[in-house]
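# the following block contains a protein sequence and its predicted model.
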Amino acid sequence: MLDVRRLRLLRELARRGTIAAVADALAFSPSAVSQQLSVLEREAGLPLLERTGRRVRLTPAGQNLVRHADAVLERLEEAAADLAEARSGLAGALRIGAFPTATRAIVPAALVALARRHPGLEPMVSETDPAAVAHALRAGDLDVALVHEYDFVPAPREPGLATRPLYREPMYLAAPARTPVPEPVRDPAPGPVPAPDDQGAVLRAHADDPWITATHGTLCHAMAVRACQAAGFTPRIRHRVDEFATVLALVAAGQGVAVVPQLGVVGPADPAVSLTRLPMERRTKVAFRSGAAAHPAVAAFAAALRAAVPPELATPDSPE
């Protein structure tokens, strides 16, 4: 009989690439991970790993077993959801991951609604970059999370995870007000999206300016760089800052230009900053482990999030 816990280790090895990374993520020692995987090989009756020096890769049999592990773990999530549904009332911890702008603009109202309807739940929010969400969900560090993707950075399909659309928001080019930009917008609000050709023109107008992007390795950083590259240049990055309020403060100080989402524009319009609508969007989704969509706590938080989305943001036409 194959052990589910060892199947989880094998799946994590397939996703993370090294035994050391699996050990670090799941709070094991590398030797303990190796021992458990060796036991799994004995249970399977054939080699699942190929060891070359310090590196390990899955054999075809190991890769096939990972696909079965995804299905098994999904069914276990469904079983847990059924058991939770059978219990009276929701209680216990709900571990939530969210990126900073959503943590500020969406999550607090959702938590208020959640507490009102399910006072026994204990939501625990951790700011988590969307790039790190998949590993955190599969490892069991999170139960549900908010993730996003951009036009130039589509989210890859993550085995073992499922998502539901939540809202869409427009993107803006933020530049010092003294810099001429086409059609400045002082008060970001949904409206007609400019023609696609306008985006390249707006960005190319700042090809020689210093740029402010998020830190390397984040989706926001990749979005800014790829949007500029699609316009025909590579941005000269001066500052790397993750908080959009700080990004806009730097723009107002004349330190560079940036691309920001609508929820990143906080408070009243700053006369020192010009905002130009770009024909691109950021799309936010709710993510959870496959099979957990029907879990009452996950479903309750997802419903609270949908109710908390500001009316000025576009909502998806239909679920995924």
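Thanks, I have the structure now. Residues are numbered from 1 along each chain as shown.
# hey, let's count contacts and neighbours off CA atoms from now on
Fine.
# mind checking how far the closest residue to Pro47 other than its chain neighbours is from Arg6?
Leaving aside its chain neighbours, Pro47 sits nearest to Glu41 (5.8 Å; criterion: C-alpha to C-alpha, 6 or more residues apart in numbering). Distance, Glu41 to Arg6, using C-alpha to C-alpha, to the nearest Å: 10 Å.
# again with Asp151
According to C-alpha to C-alpha, Asp151 stands 38 Å off from Arg6.
# for these two, indicate the residue with more neighbours.
Arg6 (19 against 14; other C-alpha atoms under 10 Å).
# hang on, the earlier thing: report the secondary structure state of the residue nearest to Pro47.
Under DSSP: H, G, I helix; E, B strand; the rest coil, the three-state class of Glu41 is helix.
# wait, it touches Leu48, no?
Yes: between Glu41 and Leu48 a contact is recorded at 5.9 Å, counting by C-alpha atoms under 8 Å.
# which residue of the two possesses the greater neighbour count?
Leu48 (23 against 17).
# list the contacts of the residue nearest to Pro100 when sequence neighbours are not counted.
Leaving aside its chain neighbours, Pro100 sits nearest to Glu127 (6.2 Å; criterion: C-alpha to C-alpha, 6+ apart). Contact analysis of Glu127 by C-alpha atoms under 8 Å, 6 or more residues apart in numbering lists 97-100, 103.
# go with 10 Å
When contacts are counted by C-alpha atoms under 10 Å, 6 or more residues apart in numbering, Glu127 touches 96-103, 145-146.
# what of Leu114?
108, 120-123, 297, 300-305.
# what is the nearest of these to Asp24?
Minimum separation from Asp24 among these (C-alpha to C-alpha) is found for Pro123, which lies at 24.9 Å.
# hey, what's that closest one bridged with?
Leu94 (DSSP bridges).
# distance check, it against Val144.
10 Å.
# also Ala69?
20 Å.
# more neighbours, the two?
Val144 (28 against 22).
# what's the farthest-apart pair in the contacts of Glu127?
Ile96 and Thr101 (14.4 Å).
# which strand or helix spans the nearest residue to Ala307 once chain neighbours are set aside?
Of all residues not flanking Ala307 in the chain, Ala110 sits nearest, at 7.3 Å (C-alpha to C-alpha, 6+ apart). Per DSSP states H and E, Ala110 falls inside helix 107-117.
# how about that helix: buried residues?
Within helix 107-117, the residues that count as buried by 16 or more other C-alpha atoms under 10 Å are 107, 109-111, 113-114.
# could you dump those residues into JSON lines with distance to Gln262 added?
Formatted as JSON lines, the buried residues of helix 107-117 follow (distance: C-alpha to C-alpha, whole Å):
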{"residue": "Val107", "distance to Gln262": "16"}
{"residue": "Ala109", "distance to Gln262": "18"}
{"residue": "Ala110", "distance to Gln262": "19"}
{"residue": "Leu111", "distance to Gln262": "22"}
{"residue": "Ala113", "distance to Gln262": "24"}
{"residue": "Leu114", "distance to Gln262": "25"}
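# before we move on, back to that, nearest to Tyr172 among the contacts of Glu127?
Thr101 (15.0 Å).
# burial check on the closest one, number of neighbours?
Neighbourhood size, Thr101 [other C-alpha under 10 Å]: 19.
# wait, it sits on Cys220?
No: counting by C-alpha atoms under 10 Å, Thr101 stays clear of Cys220, with 11.8 Å between them.
# how about the strands in the stretch 1-150 of the chain?
49-52, 55-58, 92-98, 121-127, 144-150 (DSSP state E, counting those that start in this stretch).
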